[in-house]
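1. Have a look at this prediction, sequence included:
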Amino acid sequence: MASLPTCSAAELTPLLGLAANATAAADYICTRFTATSDKFTNTTYAIDNTYLLFSAYLVFAMQLGFAMLCAGSVRAKNTMNIMLTNVLDAAAGGLSYYIFGFAFAFGGPSNGFIGKHYFGLKSIPSAVYDYSFFLYQWAFAIAAAGITSGSIAERTQFVAYLIYSSFLTGFLHHCLSSLIFFEIIYYKNGDF
């Protein structure tokens, strides 16, 4: 985002002429300008976060679709099991993404591939990230686990699937996202 212009009473006073109250008028104009500029900044932040949160809710609602798809693809006796699996995708995935997944994905690259900051959301909110960004990224991470839950329905044990889901959400999602990002960059540069 482009930085907003600043107002300085020292720069504005000569433009107002040699009037007796030029300095006071310049101070007043600059304080009003700064207040308006702050309101625009706050409004932009609110609009950006509203859009981000709404998008996160839509992505999270995909979990319902995955649950219905999975429930329709299993035998009636396993319907409750697959529903519980989808609920625990969000819970176990949320826990693993909170503890280390977000840090691996967005914690400042230590070697160009994996991050080393923000474990357990330490130092969040910061100037770069806040909780709405975490929620948005978490929704995509659990969606990745939800997509695969239907393919292994009735084929795995419940505990094994929870371990797989936690690993996928906490670590593998970052690796896959990084690979896709690097492929896009290489494709744009014509390196393929």
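-> Cool, got the structure.
2. for this structure, which helix is longest?
-> In the chain, taking DSSP state H as the definition, the longest helix is helix 22-73.
3. So which other helices or strands are in contact with that helix?
-> Other helices and strands packing on helix 22-73, by 3 or more C-beta pairs under 8 Å, 6 or more residues apart in numbering; DSSP states H and E, are helix 9-12, helix 79-96, helix 131-149. C-beta here means a position set from N, CA and C on the backbone, and glycine is covered the same way.
4. Adding distance to residue 119, mean neighbour count and mean pLDDT as columns, could you present those in a markdown table?
-> Converted to a markdown table, those look like this (distance: least, C-beta to C-beta, whole Å; neighbours: other C-beta atoms under 10 Å; pLDDT from 0 to 100):
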| stretch | distance to residue 119 | mean neighbour count | mean pLDDT |
| --- | --- | --- | --- |
| helix 9-12 | 46 | 14 | 72 |
| helix 79-96 | 12 | 19 | 87 |
| helix 131-149 | 13 | 20 | 86 |
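5. To residue 169, which of these lies closest?
-> helix 79-96 (3.5 Å; C-beta to C-beta).
6. Now do the contacts for the residue nearest the centre of the chain.
-> In the chain, the centroid-proximal residue (C-alpha atoms, centre = their mean) is residue 133; its distance is 2.8 Å. With contact set as C-beta atoms under 8 Å, 6 or more residues apart in numbering, residue 133 has these partners: residue 52.
7. now it: how far from residue 105?
-> For residue 133, the distance to residue 105 equals 11 Å [C-beta to C-beta, to the nearest Å].
8. residues contacting the closest residue to residue 138 other than its chain neighbours?
-> Among residues not flanking residue 138 along the chain, residue 97 sits closest, at 5.0 Å (C-beta to C-beta, 6 or more residues apart in numbering). Neighbouring residues of residue 97 by C-beta under 8 Å, 6+ apart: 137-138, 141-142, 169-170, 173.
9. pLDDT score for residue 175?
-> Note on residue 175: pLDDT of 68.
10. Is residue 151 in a helix, a strand, or coil?
-> Secondary structure, DSSP: H, G, I helix; E, B strand; the rest coil: residue 151 is coil.
11. For burial, what's the neighbour tally of residue 51?
-> 12 (other C-beta atoms under 10 Å).
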